[in-house]
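Asks: can't give you the sequence, but here's the structure:
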C-alpha cells in the first residue's frame, strides 16, 4: 500500500521542500508497514483455513499442510532477517547502538539523517555489502520454496516468482549496466532505502501467499476432482488512481473453462454468506472466469467480498467464497527546485521529483528545458533553461503509465526563469576602487569576477580580457589591452612606476562562464596612494 504524496507549492522555501520530500518517504513507509501487517494477518487466516482442511481430511491434506508449515517457517526467518536489517541500517546511519534501536523500537520517523546517502551506500554496497547478502538470501528463499513444494510444474520460472525479489535483473543507467543492488541502493537516501526494505518484506509475504495457495489448490489437482475448490482474486493492480478504475479477475484454483460461473459480490465487507446472495450484485462469467471492475471514486482503502457459484459434477451448485482489497490514491507528485523557487537561464538548476511509483513508470515533460540525471541519487535532475525563456515560466509536468496503456497526470509545477545576475568584478582579489598602495595591487596582480554570496549556485567566471588606462596629472596615457586575468608586464611596470595620485582605470572587462559571456560596463578607478 502506498499513500498519497502531494504537489509541493512552487513558492515554498528550499529548506521546507527538502523536508517535505523526506516526509513523503515517511508517509509511504508507514502505509507499506501497515500493508505488511495486514498481509501477515491475512496469512494467519490462510494457514488457519489450511489447518481446518487438514483436520477434516488429514490423509489427503496432511502432506500439503506439512509443506505449508515449512514455508511459514522459512518465510518468518527471512522476514525477521529483513526486520533486523532495518534496525542495522538505522543504527549505521544515525550512529545509534543496535541494542538501543531494538529496545526503543525506533523506525523511520525517528531517523535523524533521513537524507544521508554516503552511510546508506556504504552499508549496502561498499563496506557492509548488505545488498549482496540480501540478494543471496532472496535467491536461497526462492530455491527453498521450489524444494519444499516438490512439484515438477512448480519451478524457479513459475509466474509466482515474477511478482518480486528480482535480484538477478539488470538496469541500464546511461552507458553503465547496474545490478539489482546498485540500482536500488547506490546514491539513494537513507529514507528511501528504509522504505525499500519494507517494500521487500511485502514482496516476501506476497510470494509466501501465492506459494501456499498453489499448495492448497494442488490438493484438488492431484485428485482430479473439484470437490474443494477455492476462489482467487487476481487484480491488475492493488493501487488505483482517483478517476481510474480497479480491475480484477476472480477464478477458482482448478476451474472448468467450459462453465460460465456466476459471481456475487458486495463492497465494504470481509465476507459474505450463502443466505445473502439475493442482496448481492451478480456478475456472469465466461470460460470459468468472472471479471470484476469497480470505479475508483473514493480515496482510501477499499475491500470487497463475494462468492462464485459453479455447477458440480452432480449437477448441484457449489459455492466458493472470495475476498480482497485495494487502495485508491490521488495521482500526485512532488516537484521541487532544490536551491530556489526560480530557474536561472544557462546553468544547471537542481530539481527533485518524488512520486508514489517506480521511476521507470514516470513520464516527465520538462517544458523546453534540457535535463540530465544528477549523480546524487534517484529522482534528482539538473535542469538547464535556455536564455530565450528569460522572463517567462517553465512548467514541469509529471505523468505515469498505468494499467491498460493509459497515462495518468501526476501533477505539475511552474518556475519563473531569470537571467543570472551580473557578478562583481575586483582588482587584486577584493579591490573595487578608492585609494590603494601599489603593493596591494601588485601582491595579487589579476582581475577577477565573483558572484555575490546571496547567489546560491556555484558559478565560476573566467576573465577573458580588459583595458587598463593610466591617468597622470589629468592626462590619459595610451590604453593597454590585456588578455586573460593576470596583469601584463606593461601594466605591472606602469603600476610600479606610478607616482602618488596617478589614477589607474580598469574598464571593458569581458568575462565568461557556462551562463554565457558578459561585457562589464563598470569601470574600476584606483588612485595610487
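Replies: Perfect, thanks for sending it. This is a predicted model, so every value here is computed, not measured.
Asks: double-check that residue 206 belongs to a helix.
Replies: Yes: checked against DSSP: H, G, I helix; E, B strand; the rest coil, residue 206 lies within a helix.
Asks: neighbours of it, how many?
Replies: Residue 206 has 18 neighbours, counted by other C-beta atoms under 10 Å. For glycine as for every other residue, the C-beta is placed from the backbone atoms N, C-alpha and C.
Asks: so what's the residue count around the residue nearest to it when sequence neighbours are not counted?
Replies: Leaving out its chain neighbours, the residue that sits closest to residue 206 by C-beta to C-beta, 6 or more residues apart in numbering is residue 163, at 5.6 Å. Residue 163: 12 surrounding residues under other C-beta under 10 Å.
Asks: give me the helices and strands touching the host helix or strand of residue 37, please.
Replies: Assessed by DSSP states H and E, residue 37 sits inside helix 14-56. Counting contacts by 3 or more C-beta pairs under 8 Å, 6 or more residues apart in numbering; DSSP states H and E, helix 14-56 packs against helix 58-94, helix 190-223, strand 334-337, strand 349-354.
Asks: want to throw these into a markdown table with mean pLDDT and distance to residue 281?
Replies: Listed next are these as a markdown table, based on pLDDT from 0 to 100; distance: least, C-beta to C-beta, whole Å:
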| stretch | mean pLDDT | distance to residue 281 |
| --- | --- | --- |
| helix 58-94 | 92 | 33 |
| helix 190-223 | 86 | 25 |
| strand 334-337 | 74 | 38 |
| strand 349-354 | 87 | 38 |
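Asks: in CSV, list those along with distance to residue 21.
Replies: As requested, those are arranged in CSV below (distance: least, C-beta to C-beta, whole Å):
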stretch, distance to residue 21
helix 58-94, 17
helix 190-223, 9
strand 334-337, 6
strand 349-354, 5
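Asks: closest one to residue 453 among these?
Replies: Nearest to residue 453, of all the helices and strands packed on helix 14-56, is strand 349-354, at 18.6 Å by C-beta to C-beta.
Asks: and the angle from that closest one to helix 14-56?
Replies: Angle, strand 349-354 to helix 14-56, by axes from the mean of the first three to the mean of the last three C-alpha atoms, to 10 degrees: 20 degrees.
Asks: how far out from the middle of the chain is strand 349-354?
Replies: Remark: strand 349-354 is offset 12 Å from the chain centroid, using C-alpha atoms, centre = their mean, to the nearest Å.
Asks: now do stretch 384-404
Replies: Offset of stretch 384-404 from its chain centre (C-alpha atoms, centre = their mean): 19 Å.
Asks: follow-up on the earlier one: out of the helices and strands packed on helix 14-56, flag the one nearest residue 317.
Replies: By C-beta to C-beta (comparing all of the helices and strands packed on helix 14-56), the closest turns out to be helix 190-223, at 17.5 Å.
Asks: tell me the buried residues in that closest one?
Replies: 190-202, 204-220 (16 or more other C-beta atoms under 10 Å).
Asks: now it against helix 58-94, angle please.
Replies: Going by the same axes, to 10 degrees, helix 190-223 makes 170 degrees with helix 58-94.
Asks: which elements pack onto helix 190-223?
Replies: Using 3+ C-beta pairs under 8 Å, 6+ apart, helix 190-223 sits against helix 14-56, helix 58-94, helix 118-121, helix 130-149, helix 180-185.
Asks: list the buried residues of stretch 454-461.
Replies: Buried residues in stretch 454-461, counted by 16+ other C-beta under 10 Å: 459, 461.
Asks: when you give positions from now on, start the count at 59
Replies: Sure thing, new numbering starts at 59, so read that last one as stretch 512-519.
Asks: who's in contact with it?
Replies: Stretch 512-519 is contacted by residues 72, 397-398, 402, 405, 407, 478-479, 481, 506-509, 569-573, 576 when judged by C-beta atoms under 8 Å, 6 or more residues apart in numbering.
Asks: end-to-end on it?
Replies: Taking C-alpha to C-alpha, to the nearest Å, the first and last residues of stretch 512-519 lie 16 Å apart.
Asks: how far off centre is that stretch?
Replies: 29 Å.
Asks: now the helix or strand harbouring residue 365 against helix 72-114, angle please.
Replies: Assigned by DSSP H and E, residue 365 belongs to strand 358-369. Per the same axes, to 10 degrees, the angle that strand 358-369 makes with helix 72-114 is 30 degrees.
Asks: partner strands of strand 358-369, parallel or antiparallel?
Replies: strand 320-325 (antiparallel), strand 375-387 (antiparallel) (DSSP bridges).
Asks: about what we covered before: closest one to residue 490 among the helices and strands packed on helix 248-281?
Replies: For residue 490, the closest of these is helix 72-114, at 29.9 Å, according to C-beta to C-beta.
Asks: just to revisit the earlier point, want to throw the helices and strands packed on helix 248-281 into JSON lines with mean neighbour count and distance to residue 163?
Replies: Putting the helices and strands packed on helix 248-281 into JSON lines (neighbours: other C-beta atoms under 10 Å; distance: least, C-beta to C-beta, whole Å) gives the following:
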{"stretch": "helix 72-114", "mean neighbour count": "17", "distance to residue 163": "12"}
{"stretch": "helix 116-152", "mean neighbour count": "17", "distance to residue 163": "9"}
{"stretch": "helix 176-179", "mean neighbour count": "20", "distance to residue 163": "21"}
{"stretch": "helix 188-207", "mean neighbour count": "17", "distance to residue 163": "21"}
{"stretch": "helix 238-243", "mean neighbour count": "19", "distance to residue 163": "24"}
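Asks: just put the ones you listed in TSV and tack on distance to residue 344.
Replies: Output for the helices and strands packed on helix 248-281, formatted as TSV (distance: least, C-beta to C-beta, whole Å):
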stretch	distance to residue 344
helix 72-114	28
helix 116-152	30
helix 176-179	50
helix 188-207	31
helix 238-243	39
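Asks: how about these, which one is nearest residue 485?
Replies: Going by C-beta to C-beta, the one of those nearest residue 485 is helix 72-114, 33.8 Å.
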